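Undergrad: sequence and predicted structure are below.
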Amino acid sequence: MQSVRISIYKTLTWRVLATVVTFCVAYFITGNTVASLSIMGIDGVIKMVFYYLHERFWNLGGEL
């Protein structure tokens, strides 16, 4: 079993990597840095909210 410290490190590094990928895809599609940064920011917030809701759902035992 991995330590809490390693789990936190892995979580943060994954979030950074996923955010960079979102920016790159958005930039590839739009060619616009400002739009790509906006998409990246909105995507990050939405994913954090849905991750929280996902965790709360699972903590209920999968029942609404």
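TA: Arrived safely, thanks for sending. Note that the coordinates shown come from a computational prediction; the quantities given were computed from them, not determined experimentally. Numbers count the residues shown, from 1 in each chain.
Undergrad: low-confidence ranges, this protein, go.
TA: Residues of the chain meeting the criterion pLDDT under 70: 62-64.
Undergrad: what's next to stretch 20-36, contact-wise?
TA: Outside stretch 20-36, the residues that touch it by CB atoms under 8 Å, 6 or more residues apart in numbering are Leu37, Ile39, Met40, Asp43, Gly44. C-beta coordinates here come from the backbone N, C-alpha and C atoms, glycine included.
Undergrad: report the buried residues of that stretch.
TA: The neighbour-count check on stretch 20-36 (16 or more other CB atoms under 10 Å) flags Thr22, Phe23, Ala26, Tyr27, Ser36 as buried.
Undergrad: return the distance of the helix or strand where the last one lies from the chain's centre.
TA: Using DSSP states H and E, the element containing Ser36 is helix 33-59. On the basis of CA atoms, centre = their mean, to the nearest Å, the separation between the geometric centre of helix 33-59 and that of its chain is 5 Å.
Undergrad: go through that helix and flag the buried ones.
TA: Residues Ser36, Ile39, Met40, Asp43 are the ones in helix 33-59 that count as buried (16+ other CB under 10 Å).
Undergrad: quick check: closest non-adjacent residue to the third one.
TA: If the residues on either side of it in the chain are set aside, Met40 comes closest to Phe23, at 4.4 Å by CB to CB, 6 or more residues apart in numbering.
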